[in-house]
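*Asks:* Here's my sequence, what's the structure:
(chains A, B and C)
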Amino acid sequence: MIDILKDPINWIGDLLSTWLVGLGLLPAFVTFLLQLLSAVILATTLLLLTFILIWAERKIVARIQDRLGPNRVGPFGVFQTVADLLKLVTKELITPEGVDRLPYNIAPLLTVAAVVGLWGVMPLAPTLLGADINVGVLYIISIGAIGTLGILLAGMSSNNKYALLGAFRTVAVMISYAVPMVLALLIPVLLSGSMGMQAIVVGQRGAPYFLLAPVAGIIFFVSSLAEVGRAPFDLLEADSEIVAGYNIEYSGLKFGMFFVAEFLHAFTISALTATLFLGGWSGPWVDLYPILGTLYFLIKTSIVYFVVIWIRGSFPRIRIDQMNALNWKFITPVALAGLIFTAVAEKVAVELELQRVIVHLGSSVLLIVLIIVVLGIYARITRRQAKAPAIAG
Amino acid sequence: MIPLSWYVMFSAALFSVGLYGALARRNALAILMAIELMLNAVNINLVAFWRYITPDYIAGQVFALIVFTVAASEAAVGLALIISIYRRRNTVAAEEIDMLKW
Amino acid sequence: MLSLLQIAFLVAAFLTIVSAIMVVTTPSMVHAALWLILALAGAAVFFIILNAGFLAVVQIAVYIDAIAIMIIIVVMLTEGATRQQIRQVSKTWWAAAIAAILLFVGLIAIFLQTPSLIAEAPALVMSQDAILEDLGTALVDVNRYIIPFEIASVLLLAALIGSIMVAWPLVKGDKKEEVEA
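*Replies:* Next up is the predicted model:
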């Protein structure tokens, strides 16, 4: 009998399963029922968590911009999001004339489903995991790109040229930034030797992978920000760009679903960065009291989410051509170089029997020096070309 | 529990549906979609035979992986061709693209 | 009494075949692309039932996230031609239907003569982790499948360069057409 304080959720699960099997159901069916119940509870908790996320974002961005933020509805404005949700729910669902009904109605569902589905493989504690599949990282990549499909369908089915343009730009950016994101995701896989999420977190017991490969962590973080469409990459749905992009023809709760999906996606990539690069649920005393793992996970995710909000409040928006140039000319080559350096460092550390952390730190420092040198050469060439007038055309 | 014959019948049915689509549709994009269905049927067949006949010899999965690669590259080139033909001839019907440069 | 796996197989098979039939019969290209996505997801379910989890996730990542999105984008770009109400199904569709049915019947007739197809699934000796590791090692092992692997990479490179060159925007010498955007 597991002590209730150590691992309450598994204790409740065991209690329910013994009671249901005692009622006479088949054990396989009881397992299926319990998994269904836990999926429903997880999804509901996440969707309710967005209340706090949106409130926190508005307050923090407001403080960065030297104002107060919502402070009327409830103490410190906590119920502001509830009021917004009530407003969205009571709005009329206007369907414009000439839209294709099937993609128009499916698109918000796909976008929310893609984000909630990512939490199925997120390790919340040493013993708390939705599905411990051994290709968890690849699952994240594929389910994450179903959100891209939702946005494409949304822009395409609205009978509106600007929505279509916005959707094309969004899909182009998302597909482009998926390349360095996948390359940066491969580095924790290399370092831990497995694609399963639980194995990656267990492999970070000694040192979090952010120490071993900081460049990969930053690249993953930045390209995930671009994938979600958060500032400074929020050209995709900002109000002043292409009239708010792919979701202009959506009103009421359908728009609310896009809204919720975006904030939840930002929280999800913070959770992914915390799991893959900061150590997930690992921390002191986590073997004795597995429920502490969830606490550490939430703390690390909140820290990364705070950095996301901080970046939003501090940087100006980037143009679409600057976004594409940044991706293909800078981030993807750096990600490729990081992958090669990490692979070589791992092999060197194993063959020469050196301390793994020090070899990887050395390779990261070497990579950063290389990036600075190449950027310096590029800057010098550009400066020389700007000084000398162009002779040919 | 599930005999191999079920998988074989299912992939034969999927392949036949894809064959009908490739032969009966005029739109080049629809033909491409039917070709993807046929490739998927072949993949399921390969992996079913790997699982049932030689589960400890990984060649079946490698074959299926190479088929994925070929399908992806063939879809990319086919779609690029469709866009290019649409830009020049303003049509995507496969039977109207029957003349070389005039 | 059907076991859970058999119910899953039958449901997935029904879903995939119905989606495939809808792909080849619906007149709207956009709806055909959506039904294709459903058929591809059904195929991924089959890979999971067959204990090939890696291939299932690769199927979703390659087909749905790359090929299906490309098809939808090209459908959007060529919308002008398809909205002209050209006949979507050719005049000799009955010949295609007869050919497809003949092929299906012929394949089933051949299969039913092979007795070993009634076999049940043998137990897996390797765990899922071992299968995954074996797959990865087999693709780069010098004595095994490195040559198909390298050739597939060259094929992808050729497709990448080729499709960019083919779909390059019109330059001055070509016939000017209004590109729908």
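*Asks:* where in chain C is pLDDT low?
*Replies:* For chain C, applying pLDDT under 70 flags the ranges C:1-2, C:80-87, C:116-126, C:170, C:172-181.
*Asks:* Walk me through the domains of it.
*Replies:* C:1-85, C:126-168 (automatic domain parsing).
*Asks:* Turn those into CSV, columns for distance to residue A:67.
*Replies:* No exception for glycine: its C-beta is placed from N, CA and C like everyone else's. Putting the domains of chain C into CSV (distance: least, C-beta to C-beta, whole Å) gives the following:
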stretch, distance to residue A:67
domain C:1-85, 41
domain C:126-168, 48
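*Asks:* How about the contacts made by the residue lying closest to residue A:140 once chain neighbours are set aside?
*Replies:* Spatial nearest neighbour of residue A:140, excluding adjacent residues (C-beta to C-beta, 6 or more residues apart in numbering or on different chains): residue A:118 at 6.0 Å. By C-beta atoms under 8 Å, 6 or more residues apart in numbering or on different chains, the contact set of residue A:118 is A:140, A:143, A:144, A:268, A:272.
*Asks:* What of residue A:247?
*Replies:* A:154, A:163, A:237, A:255, A:258.
*Asks:* Highest neighbour count among those?
*Replies:* residue A:154 (28 neighbours; other C-beta atoms under 10 Å in any protein chain shown).
*Asks:* which regions of chain A lie under the pLDDT threshold?
*Replies:* In chain A (pLDDT under 70), the answer is A:1-3, A:231, A:236-244, A:389-393.
*Asks:* longest single helix anywhere in it?
*Replies:* Criterion DSSP state H: the longest helix present in chain A is helix A:27-64.
*Asks:* surely residue A:254 meets residue A:108?
*Replies:* Yes - judged on C-beta atoms under 8 Å, residue A:254 makes contact with residue A:108 at a distance of 4.8 Å.
*Asks:* Quick check, residue C:76 in contact with residue A:164.
*Replies:* Yes - with contact defined as C-beta under 8 Å, residue C:76 counts as touching residue A:164 (7.0 Å).
*Asks:* Helices of chain B, start to end?
*Replies:* Taking DSSP H, the helices of chain B run over residues B:4-24, B:28-53, B:59-89.
*Asks:* which of the residues in the last one are buried?
*Replies:* Of the residues in helix B:59-89, B:60-69, B:71-87 count as buried by neighbour count, 16 or more other C-beta atoms under 10 Å in any protein chain shown.
*Asks:* In the stretch 251-393 of chain A, what residue comes closest to chain C?
*Replies:* Relative to chain C, the nearest point of the stretch 251-393 of chain A is residue A:343 (12.5 Å; C-beta to the nearest C-beta).
*Asks:* Show the contacting residues for that residue.
*Replies:* Residue A:343 neighbours (C-beta under 8 Å, 6+ apart): residue A:190.
*Asks:* Next, the buried residues of the helix or strand residue A:377 falls within.
*Replies:* Assigned by DSSP states H and E, residue A:377 falls within helix A:356-387. By 16+ other C-beta under 10 Å, the buried positions in helix A:356-387 come out as A:356, A:359, A:360, A:361, A:363, A:364, A:367, A:371.
*Asks:* Can you tell me the element the residue nearest to the fifth one when sequence neighbours are not counted falls in?
*Replies:* Translated: residue A:363. Sequence neighbours aside, residue A:345 is the residue nearest to residue A:363 in space, at 3.8 Å (criterion: C-beta to C-beta, 6+ apart). Here residue A:345, judged by DSSP H and E, is contained in helix A:332-351.
*Asks:* Against residue A:109, how distant is residue A:254?
*Replies:* 9 Å (C-beta to C-beta, to the nearest Å).
*Asks:* Just confirm residue C:103 is within a strand.
*Replies:* No - read with DSSP: H, G, I helix; E, B strand; the rest coil, residue C:103 is helix and lies in no strand.
*Asks:* How about it: what's its closest non-neighbour residue?
*Replies:* residue B:16 is the one closest to residue C:103 (C-beta to C-beta, 6+ apart), at 5.3 Å.
*Asks:* again, but for residue A:130
*Replies:* residue A:120 (4.0 Å).
*Asks:* neighbours around the one you found, how many?
*Replies:* Residues lying near residue A:120 (other C-beta under 10 Å) number 17.
*Asks:* Check the secondary structure at it for me.
*Replies:* Three-state call for residue A:120 (three-state DSSP): helix.
*Asks:* mind listing what it touches?
*Replies:* A:39, A:42, A:130, A:131, A:139.
*Asks:* Which one (most neighbours) among those?
*Replies:* Result: residue A:139 is most packed of the contacts of residue A:120 (other C-beta under 10 Å), 24 neighbours.
*Asks:* What residues does that one make contact with?
*Replies:* A:120, A:121, A:133, C:57.
*Asks:* Doesn't it belong to a helix?
*Replies:* Yes - Residue A:139 forms part of a helix when assessed by three-state DSSP.
*Asks:* And the helices in the stretch 151-300 of chain A?
*Replies:* A:161-192, A:197-203, A:209-212, A:214-228, A:253-277, A:291-314 (DSSP state H, counting those that start in this stretch).
*Asks:* buried ones in the longest one?
*Replies:* Neighbour-count burial for helix A:161-192, with 16+ other C-beta under 10 Å as criterion, is recorded at A:162-171, A:173-189, A:191-192.
*Asks:* just the angle between it and helix A:356-387, please?
*Replies:* 140 degrees (axes from the mean of the first three to the mean of the last three C-alpha atoms, to 10 degrees).
*Asks:* How far off centre is helix A:161-192?
*Replies:* 11 Å (C-alpha atoms, centre = their mean, to the nearest Å).
*Asks:* now the end-to-end length of stretch C:19-30.
*Replies:* 14 Å (C-alpha to C-alpha, to the nearest Å).
*Asks:* any idea how far residue A:49 lies from chain C?
*Replies:* Going from residue A:49 to chain C by C-beta to the nearest C-beta, to the nearest Å gives 26 Å.
*Asks:* average model confidence for stretch B:18-27?
*Replies:* For stretch B:18-27, mean pLDDT is 90.
*Asks:* need the contact list for whichever residue of the stretch 251-393 of chain A sits closest to chain B.
*Replies:* Residue nearest to chain B within the stretch 251-393 of chain A: residue A:328 (17.8 Å; C-beta to the nearest C-beta). Residues in contact with residue A:328 (C-beta under 8 Å, 6+ apart) are residue A:176.
*Asks:* now swap in residue A:217 and tell me
*Replies:* A:184, A:209, A:210, A:273, A:276, A:277.
*Asks:* Grab the two from those that are most spread out in space.
*Replies:* A:184 and A:210 (11.8 Å; C-beta to C-beta).
*Asks:* What is the neighbour count of residue A:253?
*Replies:* 16.
*Asks:* next one: residue A:84
*Replies:* With other C-beta under 10 Å as criterion, residue A:84 counts 18.
*Asks:* separation between it and residue A:55?
*Replies:* For residue A:84 relative to residue A:55 (C-beta to C-beta), the value is 10 Å.
*Asks:* Same check on residue A:186?
*Replies:* From residue A:186 to residue A:55 the distance is 36 Å (C-beta to C-beta).
*Asks:* Then residue C:151?
*Replies:* Residue C:151 is 55 Å from residue A:55, by C-beta to C-beta.
*Asks:* ok, the two, which is more surrounded?
*Replies:* residue A:55 (22 against 12).
*Asks:* which residues touch residue 71?
*Replies:* By default, I'm working from chain A. residue A:77.
*Asks:* not what I meant, chain C
*Replies:* Residue C:71 touches B:29, B:32, B:33, B:75, B:79, C:33, C:36, counting by C-beta under 8 Å, 6+ apart.
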